[in-house]
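Trainee: the following comprises the amino acid sequence and a computationally predicted model.
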Amino acid sequence: MASGFRELAGIAASERLKRGASVVRAILRGALDLALPRLCAACREPVDGQGLCPACWSKLSFITRPYCERLGIPFVYDPGPGILSMEAIADPPAYRRARAAVRFDDISRALVHALKYGDRLDLAPMMGRWLGQAGRELLAEADALVPVPLHWRRQWARRFNQSAMLAAAVSTASGVPVAAGVLKRVKPTAQQVGLSRSERAANVQGAFRVPPEAKAAVAGRRLVVVDDVLTSGATVEGCAKALLRAGAANVDVLVFARVADPVRASI
Ligand SMILES: [Zn+2]
């Protein structure tokens, strides 16, 4: 009994030490950032005060029209203004519109990872400006931004939520406030990586909830859910459903990068 307790106390102390060490590392990294030239977030070449070098920048694939007005996925060819994709008509999402700044590829993946694991928080303002551009129409009609929440256990392990970082950057770029804490991840969902579309949907089933004390901040509001990457859309769909159930007037989705295989128009 006593030895078990000592063991537990030992583990707690070593956890504290590890967390302390990571804070020290973060401070040192901050000091080094001032002293050393910045590195390109994708290829690690030194750059001049930018997040990406010119070569990697030129490889980024920004998503522009023509795309499905509902899903925001680029069309194979331009069907004319206001046309929806067959996917949007056959299987309409709970959210109203989705927009993404860039396609998910090697360069955008490197940016997302650099932000997500806390090495490059300096990238957030740049990524937030791109999100602000991609979501201009959505943001013009929005009352508040809602970052996709992490389960508290994952947030504690990672120390911060990359979607909240992006939402804060979009807020700075657009003036639309962040509605913090209106959405909770109540189920510690498994990582979505490697799951099929239907497995992803099942994985986030019932994962998000609007706590009773946040209902007033959601009811009747026009909300934009912000996330870093959209793959199958199951996560943002789960968020949109929870917000709509709590009485949101409508929910749009704004992500930094999306998997975007071109779609065909409905005509
Ligand atoms: Zn580069």
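Mentor: Yep, it's here. Residues are numbered from 1 along each chain as shown.
Trainee: count of residues packed around residue 133?
Mentor: For residue 133, the count of nearby residues is 15 (other CB atoms under 10 Å). For the C-beta atoms, the positions are set from N, CA and C on the backbone; glycine is no exception.
Trainee: how about residue 117?
Mentor: So residue 117, with other CB under 10 Å, has 10 neighbours.
Trainee: near the ion, which residues of the stretch 51-200 of the chain?
Mentor: Counting by CB under 5 Å from the ion, the residues of the stretch 51-200 of the chain lying close to the ion are 53, 56.
Trainee: what about the helices in the stretch 51-200 of the chain?
Mentor: For the stretch 51-200 of the chain, applying DSSP state H, counting those that start in this stretch gives helices covering 54-59, 86-90, 106-116, 124-134, 136-140, 152-158, 162-174, 197-204.
Trainee: so what does the last one touch, helix or strand wise?
Mentor: What that stands for is helix 197-204. Applying 3 or more CB pairs under 8 Å, 6 or more residues apart in numbering; DSSP states H and E, one finds that helix 197-204 makes contact with helix 234-245.
Trainee: okay, angle between the helix it packs on and helix 197-204 too, please.
Mentor: 50 degrees (axes from the mean of the first three to the mean of the last three CA atoms, to 10 degrees).
Trainee: tell me what the following helix or strand past helix 234-245 is packed against?
Mentor: Counting by DSSP states H and E, the next helix or strand C-terminal to helix 234-245 is strand 250-258. For strand 250-258, the packing partners by 3+ CB pairs under 8 Å, 6+ apart come out as strand 98-103, helix 106-116, helix 124-134, helix 136-140, strand 222-230, helix 234-245.
Trainee: looking at the helices of the stretch 51-200 of the chain, which is buried most?
Mentor: helix 162-174 (a mean of 23; mean count of other CB atoms under 10 Å).
Trainee: ends of stretch 80-99, what's the gap?
Mentor: 18 Å (CA to CA, to the nearest Å).
Trainee: could you dump the helices of the stretch 51-200 of the chain to JSON lines with distance to residue 183?
Mentor: As requested, the helices of the stretch 51-200 of the chain are arranged in JSON lines below (distance: least, CB to CB, whole Å):
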{"stretch": "helix 54-59", "distance to residue 183": "33"}
{"stretch": "helix 86-90", "distance to residue 183": "24"}
{"stretch": "helix 106-116", "distance to residue 183": "19"}
{"stretch": "helix 124-134", "distance to residue 183": "18"}
{"stretch": "helix 136-140", "distance to residue 183": "17"}
{"stretch": "helix 152-158", "distance to residue 183": "13"}
{"stretch": "helix 162-174", "distance to residue 183": "10"}
{"stretch": "helix 197-204", "distance to residue 183": "12"}
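Trainee: how about those helices in JSON lines, adding mean pLDDT?
Mentor: Output for those, formatted as JSON lines (pLDDT from 0 to 100):
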{"stretch": "helix 54-59", "mean pLDDT": "94"}
{"stretch": "helix 86-90", "mean pLDDT": "93"}
{"stretch": "helix 106-116", "mean pLDDT": "93"}
{"stretch": "helix 124-134", "mean pLDDT": "96"}
{"stretch": "helix 136-140", "mean pLDDT": "98"}
{"stretch": "helix 152-158", "mean pLDDT": "81"}
{"stretch": "helix 162-174", "mean pLDDT": "96"}
{"stretch": "helix 197-204", "mean pLDDT": "78"}
